[in-house]
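Visitor: please find the sequence and the predicted model below.
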Amino acid sequence: MTLFRPLLTLALRRPHRIPAMLGLAWAFRARGWFLRFPFLPLPPASYTAWRMDTAYGDPRAVPPQDELERFVVWAARMRRRM
């Protein structure tokens, strides 16, 4: 299972988090994303797998909904401080 479904659920349950989620997606975008199909600023799969492996010990792990929301909020706060 990918992170798409939990992120979509978060966006539907808490629409006020969408700007923070978009900022996070932009911060994690792959270099040259505009040159490769599907032409979306998505993080590299290898980076996402590494993040899940270091956090949960499994590259295919999906974080719990509340933890995902806390990370989105935390990341938005950290970007504002820069």
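Guide: Right, received. Where do you want to start? Residues are numbered from 1 along each chain as shown.
Visitor: which secondary structure elements does the longest helix belonging to the chain sit against?
Guide: Among the segments of the chain that qualify as a helix by DSSP state H, the longest is helix 65-81. Under the contact criterion of 3 or more CB pairs under 8 Å, 6 or more residues apart in numbering; DSSP states H and E, the helices and strands touching helix 65-81 comprise helix 4-13, helix 18-27. For the C-beta atoms, the positions are set from N, CA and C on the backbone; glycine is no exception.
Visitor: which residues are contacting stretch 64-79?
Guide: Contacting residues not belonging to stretch 64-79 are listed as 3, 6-7, 9-10, 14, 17, 19-21, 23-24, 27, 63 [CB atoms under 8 Å, 6 or more residues apart in numbering].
Visitor: mean confidence for that stretch?
Guide: For stretch 64-79, the mean pLDDT works out to 93.
Visitor: swap in stretch 35-54?
Guide: Confidence over stretch 35-54, taken as the mean pLDDT, stands at 91.
Visitor: show me what counts as buried in it.
Guide: Buried residues in stretch 35-54, defined by neighbour count with 16 or more other CB atoms under 10 Å: 42-43, 48, 51-52.
Visitor: can you tell me how far Arg60 is from Asp53?
Guide: To Asp53, Arg60 is 9 Å away according to CB to CB, to the nearest Å.
Visitor: over to His16?
Guide: When distance is defined by CB to CB, His16 is 31 Å away from Asp53.
Visitor: cool, thanks, talk later.
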